[in-house]
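Chemist: Quick one, what's the 3D model for this:
(one chain, ligands or ions: 1)
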Amino acid sequence: MNESALKSSEITLDVEKVRADFPILQRTVHGKPLVYLDTAASAQRPLAVIEAVDGFYRNHNANIHRGVHTLSQEATEDYEQARIKTAGFINAPSEQEVIFTRGTTESINLVAHSFLRPRLKAGDEILISWMEHHSNIVPWQLLCEETGAVLKVIPMNQRGELEMDALADMLNERVKLLAVVQVSNALGTINPVAEICAMAKRQGVPVLVDGAQAMPHQSIDVQSLDCDFYCFSGHKMYGPTGIGVLWGRYEHLQAMRPYQGGGEMIRHVTFEKSEFNDAPGKFEAGTPNIAGAIGLGAAVDYLQGLGMQNVMSWEAQLLAYGTEKLAQIDGFRMIGTAAHKAGVMSFVLGDIHANDVGTLVDLHGVAIRTGHHCAMPVVEFFGLPATARASLGIYNTFEEIDILADALEKTIVMFA
Ligand SMILES: Cc1ncc(COP(=O)(O)O)c(C=O)c1O
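Modeler: As a prediction, the model looks like this:
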């Protein structure tokens, strides 16, 4: 597709209006307008989220679930409303299946500790894929060390797509969990998660989906995916840091032991024994990130206001444009060329080290990520020490991709 065709076709998001919602996009970096292409690491926040957090602290701040006074009741109401909104956003059958955590990392660790640990014995297997973030590798390695279980890795091809035939061969009665990323942060690959869940289900294997990078880019329906657990982070989807979600099937959650002990998660305590709350309370020990949850609820409202179909369509156009534009640069090589991709463009530029690329484009106001992206096995698979990664969000424009391309051209000239 050429530039003009792309620019005129199907533009579904009023990007200038969206940009006006993000105060940080007004700032400059090294005297240039900020071009933020690091949304996969952490998205920027719209005013609606900033104001929701600010409004909580200004007007309703109190602890939740335990006070009879007005502020405590208002704070509880706002916190629980955020849970209801989040449940609706992922089409969870019940808000009681939505557990607030610190983020994807904590959600995965919670499942490792409370769901899988008690079921695992020596010789059992845990399946993950080659393109996992470290947060979906290390918790399982720790469990394997403790129990003598074995971690098995689904291979991928040179385009960065999972080998589905290999997965079919690897599913057997020894596998106690399959944990897989929906959208790879290092490659942008969108994995066929519904198909993967169906394959696992036929073998009776529960599936955890790491949805950290999927949530900001596409609409998610945990019922149609038919997974067992779905994990994500607020800060990747335009919400606050320090808040995330574990969605789990209620029957699993009720059968699981608590993750942490403390206040809030109990029904009755004596020195001899404690009786635990039902989910989600059982998994939310101590005072939670109340403002964070409320901010996440505001992010959900914001994304729903834009419409996830519009978000997807806009980002698909940007990705197609960027893929074609950057390919014209001498020495540019895209890492991750899957047929189905979300807005991530990982690349190398000749033999210039990725950190040098990142540092030099920053001088043009362009923020990209460089390194292994917390997915070391992925960059090693491609025989690289690191890649540079431009990742897209709802506020990015075609012009910003042109600015990135121009900054990359100048970087090449500097190193010539
Ligand atoms: C695919 C994926 N999974 C998990 C994580 C971990 O998320 P968090 O650091 O918010 O817990 C990330 C963060 O980059 C990610 O991209």
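Chemist: For the stretch 51-200 of the chain, what lies in contact range of the ligand?
Modeler: With C-beta under 6 Å from any ligand atom as the criterion, the stretch 51-200 of the chain comes near the ligand at residues 103-105, 133, 135-136, 181, 185. C-beta coordinates here come from the backbone N, C-alpha and C atoms, glycine included.
Chemist: Can you tell me the closest non-neighbouring residue to the spatially most central residue of the chain?
Modeler: The centroid of the chain falls nearest to residue 212 when counting by C-alpha atoms, centre = their mean (1.3 Å). Leaving aside its sequence neighbours, residue 212 sits nearest to residue 104 (C-beta to C-beta, 6 or more residues apart in numbering; 4.2 Å).
Chemist: So what's the residue count around the one you found?
Modeler: Counted with other C-beta atoms under 10 Å, the neighbours of residue 104 add up to 27.
Chemist: That one contacts residue 247, correct?
Modeler: No - counting by C-beta atoms under 8 Å, residue 247 is not a contact partner of residue 104; they are 11.6 Å apart.
Chemist: Name the residues contacting each of these two.
Modeler: Taking C-beta atoms under 8 Å, 6 or more residues apart in numbering as the contact definition, residue 104 and residue 247 share the neighbouring residues residue 231.
Chemist: how far away is residue 288 from residue 243?
Modeler: Residue 288 is 8 Å from residue 243, where distance means C-beta to C-beta, to the nearest Å.
Chemist: the more surrounded of these two?
Modeler: Between residue 288 and residue 243, residue 243 has the larger neighbour count (other C-beta under 10 Å), namely 27 against 20.
Chemist: Which residues are in contact with the residue nearest to that one when sequence neighbours are not counted?
Modeler: In space, residue 243 comes closest to residue 292 once its chain neighbours are excluded; the distance is 3.2 Å by C-beta to C-beta, 6+ apart. Going by C-beta under 8 Å, 6+ apart, residue 292 touches 53, 100, 234, 239-243.
Chemist: show me the contacts for the closest residue to residue 46 other than its chain neighbours.
Modeler: Leaving aside its chain neighbours, residue 46 sits nearest to residue 21 (4.1 Å; criterion: C-beta to C-beta, 6+ apart). Residue 21 makes contact with 46-48, 302, according to C-beta under 8 Å, 6+ apart.
Chemist: what comes up buried for stretch 23-40?
Modeler: Using 16 or more other C-beta atoms under 10 Å as the test for burial, stretch 23-40 gives 25, 33-40.
Chemist: do the same with stretch 277-292
Modeler: Neighbour counts over stretch 277-292 (16+ other C-beta under 10 Å) mark 277, 279-285, 288-292 as buried.
Chemist: ditto for stretch 296-308
Modeler: For stretch 296-308, by 16+ other C-beta under 10 Å, it's 296-303, 306, 308.
Chemist: Out of those, flag the one nearest to the ligand.
Modeler: residue 296 (12.1 Å; C-beta to the nearest ligand atom).
Chemist: Quickly find the element holding the closest one.
Modeler: Element membership of residue 296, judged by DSSP states H and E, is helix 290-306.
Chemist: which is the next helix or strand following that helix?
Modeler: Using DSSP H and E, the next helix or strand after helix 290-306 towards the C-terminus is helix 308-327.
Chemist: how many neighbours does residue 372 have?
Modeler: Quick note: residue 372 (other C-beta under 10 Å) scores 17 neighbours.
Chemist: circling back to that earlier point, could you list every residue that touches the residue nearest to residue 212?
Modeler: Contact partners of residue 104, counting by C-beta under 8 Å, 6+ apart, are 133, 135, 210-212, 231-233, 236, 244.
Chemist: Swap in 10 Å and give it another go.
Modeler: By C-beta atoms under 10 Å, 6 or more residues apart in numbering, the contact set of residue 104 is 133, 135-136, 181, 210-213, 215, 230-236, 244-246.
Chemist: Could you do residue 128 as well?
Modeler: If you count contacts by C-beta under 10 Å, 6+ apart, residue 128 has them with 136-137, 140-141, 151-154, 177-181, 208, 210, 377.
Chemist: mind checking the SS state of it?
Modeler: Per DSSP: H, G, I helix; E, B strand; the rest coil, the local secondary structure of residue 128 is strand.
Chemist: cool, residue 176 as well?
Modeler: Going by three-state DSSP: residue 176 is strand.
Chemist: quick one: average pLDDT of the helix or strand where residue 51 lies?
Modeler: Following DSSP H and E, one finds residue 51 within helix 47-55. Per-region confidence: helix 47-55 scores 98 on mean pLDDT.
Chemist: Going by neighbour count, which residues of that helix are buried?
Modeler: Of the residues in helix 47-55, 49-50, 52-53, 55 count as buried by neighbour count, 16+ other C-beta under 10 Å.
Chemist: out of those residues, who's nearest the ligand?
Modeler: For the buried residues of helix 47-55, the closest approach to the ligand (C-beta to the nearest ligand atom) belongs to residue 49, at 15.7 Å.
Chemist: From residue 294, how far off is the closest one?
Modeler: From residue 49 to residue 294 the distance is 9 Å (C-beta to C-beta).
Chemist: give the contact list for residue 278.
Modeler: Residues near residue 278 by C-beta under 10 Å, 6+ apart: 96, 250, 253-254, 267.
Chemist: Sort those by pLDDT and name the bottom one.
Modeler: When the contacts of residue 278 are compared on pLDDT, residue 267 comes out least confident, at 88.
Chemist: Next, find the distance separating it from residue 282.
Modeler: Distance, residue 267 to residue 282, by C-beta to C-beta: 9 Å.
Chemist: got any residues that touch both of those two?
Modeler: By C-beta under 10 Å, 6+ apart, residue 267 and residue 282 have these common neighbours: residue 276.
Chemist: Quick check: buried residues in stretch 338-346?
Modeler: Neighbour counts using 16+ other C-beta under 10 Å place 338, 341-346 of stretch 338-346 among the buried residues.
Chemist: how about the helices of the stretch 251-400 of the chain, start to end?
Modeler: 290-306, 308-327, 354-362, 376-381, 398-415 (DSSP state H, counting those that start in this stretch).
Chemist: so who does whichever residue of the stretch 301-416 of the chain sits closest to the ligand touch?
Modeler: Among the residues of the stretch 301-416 of the chain, residue 374 lies closest to the ligand, at 5.8 Å counting by C-beta to the nearest ligand atom. The contact partners of residue 374, taken as C-beta under 10 Å, 6+ apart, are 41, 105, 132-138, 185-186.
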